[in-house]
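Participant: Predicted coordinates and the sequence they were generated for:
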Amino acid sequence: MNVVYIIFSAKLNRYYIGFTSDFDTRMEFHKNAESRKFTANAQDWELFFKIECENKPQALNIEKHIKKMKSKIYIENLTKYPDIILKLKEKYK
């Protein structure tokens, strides 16, 4: 399954947006990241939001779209307004 995920660190007050086809393995990677990786800067990463996608190109395009927005408010609105996700899935079908 292709997933776009957003994790949050309270320590850094930052979101991290990523894509994976194996979510559980990817979360373990973030929790045990090597020192040169961004997510190694905190140990408190928690899943904030996850979007299940139909295929890899759709997931990559949605991930890219969210990153391009560069907005915490946009990320937080993804949970408040589910229509945003539906529109993204339709746009990048």
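Facilitator: In hand now; what should we look at?
Participant: For the longest helix along the chain, buried residues please.
Facilitator: Longest helix of the chain, by residue count under DSSP state H: helix 56-69. Of all the residues in helix 56-69, those buried under the rule 16 or more other C-beta atoms under 10 Å are 58-59, 61-63, 66. Just so you know, the C-beta spots here come from the backbone N, C-alpha and C atoms, and that holds for glycine as well.
Participant: how big is the angle separating whatever helix or strand comes next after it from helix 56-69?
Facilitator: Under the assignment DSSP states H and E, the closest C-terminal helix or strand after helix 56-69 is helix 72-80. Between the axes of helix 72-80 and helix 56-69, defined by axes from the mean of the first three to the mean of the last three C-alpha atoms, to 10 degrees, the angle is 130 degrees.
Participant: how far does the helix or strand that helix 72-80 is followed by sit from the chain's center?
Facilitator: Past helix 72-80, heading to the C-terminal end, the next element that is a helix or strand (DSSP H and E) is helix 82-91. Its chain's average C-alpha position is 15 Å from that of helix 82-91, according to C-alpha atoms, centre = their mean, to the nearest Å.
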